[in-house]
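>>> what shape does this take:
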Amino acid sequence: MSPKNLRFRNHYVPVHYLKRWARGTPKIWTYRLLVPHNNVELWKSHSLETISRRQHLYTRIRNKRESDELEHWFSTDFETPADLAIEKVITGGHLSPSDWRALARFVALQDVRTPSRMTEIVNSASNYLPELLTGVLEQAVEEVKTAKQYNISLPVPDNSNLPPFPIAVHTKIEPGAKVGTLNLETVAGRGYWLYAIEVLLTTTVKHLEKHRWVVVRAPKGMKWLTSDNPVVKLNYYQNGTFDLGGGWGNPGSEIFLPLSPDHLLYTQVGRKPGFSRGERLSHALANKIQCIIINNAHRYIFSEEIDRSAVALRPRTVNQEAVREENKGWEEFHSIQTQAELALK
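Numbers count the residues shown, from 1 in each chain. So this is what the prediction gives:
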């Protein structure tokens, strides 16, 4: 059952961020990386209100009801403070320590809230869930042992005390039996991803808050692009290669986020940034950064104006079946995730 005024149209790249590329209009130039046929325009002007938005992306199921608590938390604790800080960056205002903290926290939010990050976190659940579930299982076993030792009724599983993602514990011991069964069920999907987001944004985020950040500018005649996966976490290696698997606390990782067509927020983990605040980068370095921003995109690249270089650097994929399957997946996303979670109750 849905409460009134539920915020279910969730922007995974917020309007207040993308508006910096909209030139004061309600639309932004968009280059789509997966299209159904070649007749789709390379660059198309899209509404800020409808682009980078999915229904019920952040909806949680709480006591069999839909909750938009995360959407409100994102807005009040991360987006609003960051919007004010970004505006100071663009207008040349003085940034206080709290402003820099707000920018770092916005990087964290924007890194974990996208569909591409959801896929990454869900796919890696097998690396983290076993240890977490083992702890839950051990606690349940101890409760059963205590009940048998003192000859009291077997405790009724209290799922409200479990970690806040889809999980259920069921115990069964026949009267007089010395052994029984204890079952633990979970599903790695939206609920697990939203739980991971909450953990990352309340604990792990402290790594980003401690880094030394700097805002650099694009060279004259060049404008930063951004995307539906705008936070870049870069690892460089001694042999000259790099990958986009950097972490918030990995020494040497470079993390950056375009803040506007002219401004880029940057840090290097564990090191003092090699740039001064407001420095305009060389064309050679800026072109490398731009290429990485383009390659880090998931489904969309955004620009203040039509940028043909992006098309050359990242040719789009034309696949009608893939588009159909992806659209169907998003149409069914909420119902499938909700049904899977409610089945555990």
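
>>> now the helices for the stretch 101-250 of the chain?
Applying DSSP state H, counting those that start in this stretch to the stretch 101-250 of the chain gives helices spanning 115-123, 125-149, 190-199, 205-210.

>>> mind giving me the packing neighbours of the shortest one?
This points to helix 205-210. helix 97-112 (3 or more C-beta pairs under 8 Å, 6 or more residues apart in numbering; DSSP states H and E). (Each C-beta comes from the backbone N, C-alpha and C, glycine too.)

>>> what does the helix it packs on rub up against?
Identification of contacts with helix 97-112 by C-beta atoms under 8 Å, 6 or more residues apart in numbering yields 13, 17, 74, 77-79, 81-82, 84-86, 88-89, 95, 117, 121, 196-197, 200-201, 204-205, 208-209, 211, 213, 230-231, 233, 248, 255, 257, 259, 265, 267.

>>> and those residues, which of them are buried?
Buried by 16 or more other C-beta atoms under 10 Å: 13, 17, 74, 78-79, 81-82, 85-86, 88-89, 95, 117, 121, 196-197, 200-201, 205, 208-209, 211, 213, 230-231, 233, 248, 255, 257, 259, 265, 267, out of these.

>>> the residues you listed in strands, which ones?
Lys233, Ile255, Leu257, Leu265, Thr267 (DSSP state E).

>>> for Ile336, state which of these is nearest.
Lys233 (29.6 Å; C-beta to C-beta).

>>> quick one: contacts for the closest one?
Per C-beta under 8 Å, 6+ apart, neighbours of Lys233: Asp111, Leu244, Gly245, Gly246, Gly247, Trp248, Ser253, Glu254, Ile255.

>>> so what pLDDT did Ser2 get?
The per-residue pLDDT reported for Ser2 equals 65.

>>> need the pLDDT of the nearest residue to Leu200 once chain neighbours are set aside.
Residue nearest to Leu200 in three dimensions, not counting chain neighbours: Val112, with 5.3 Å by C-beta to C-beta, 6 or more residues apart in numbering. On pLDDT, Val112 comes in at 97.

>>> using CSV, please lay out the ones in strands among the buried ones among the contacts of helix 97-112 together with distance to Ile292 and pLDDT.
Formatted as CSV, those follow (distance: C-beta to C-beta, whole Å; pLDDT from 0 to 100):
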residue, distance to Ile292, pLDDT
Lys233, 10, 95
Ile255, 12, 96
Leu257, 12, 98
Leu265, 14, 98
Thr267, 15, 96
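
>>> per-domain residue ranges of this protein.
23-125+189-342, 126-186 (automatic domain parsing).

>>> comparing those domains, which yields the minimum mean pLDDT?
Among the domains of the chain, domain 126-186 scores lowest, at a mean of 61.

>>> quick one: terminal-to-terminal distance for it?
12 Å (C-alpha to C-alpha, to the nearest Å).

>>> can we start the residue count at 37 from this point?
Fine by me, first position is 37 from now on; the one you just mentioned is domain 162-222.

>>> distance of the residue nearest to Leu236 relative to Val250?
Using C-beta to C-beta, to the nearest Å, we find Val148 at a distance of 23 Å from Val250.

>>> neighbour count for the two, which is higher?
Val148 (23 against 20; other C-beta atoms under 10 Å).

>>> ok, and the closest non-adjacent residue to Ile337?
In space, Ile337 is closest to Tyr67, 4.3 Å off (C-beta to C-beta, 6+ apart).

>>> give the bridge partners for that neighbour, please.
Taking DSSP bridges as the rule, Tyr67 bridges to Trp79, Ile337.

>>> go ahead and confirm it touches Glu77.
No: using C-beta atoms under 8 Å, Tyr67 is not in contact with Glu77, being 9.3 Å away.

>>> which of the two has more residues huddled nearby?
Using other C-beta under 10 Å, the more surrounded residue of Tyr67 and Glu77 is Tyr67, with 24 against 11.

>>> contact partners for the more buried one?
Applying C-beta under 8 Å, 6+ apart, the residues near Tyr67 are Leu78, Trp79, Tyr336, Ile337, Phe338, Ser339, Asp343, Ala346, Val347, Arg352.

>>> can you put those residues in CSV and add distance to Tyr94 and neighbour count?
Shown next, in CSV, are the contacts of Tyr67 (distance: C-beta to C-beta, whole Å; neighbours: other C-beta atoms under 10 Å):
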residue, distance to Tyr94, neighbour count
Leu78, 31, 15
Trp79, 29, 17
Tyr336, 19, 19
Ile337, 24, 27
Phe338, 21, 28
Ser339, 27, 20
Asp343, 30, 21
Ala346, 29, 24
Val347, 32, 15
Arg352, 28, 17
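
>>> and which of those is nearest Arg96?
After measuring these against Arg96 - C-beta to C-beta - the closest member comes out as Tyr336, at 25.8 Å.

>>> dihedrals phi and psi, the closest residue in space to the closest one that isn't next to it in sequence?
Leaving out its chain neighbours, the residue that sits closest to Tyr336 by C-beta to C-beta, 6+ apart is Asp264, at 4.3 Å. The phi and psi values for Asp264, taken as degrees, to the nearest 10, are phi -80, psi 0.

>>> tell me, how many residues neighbour Asp264?
Around Asp264 there are 21 residues (other C-beta under 10 Å).
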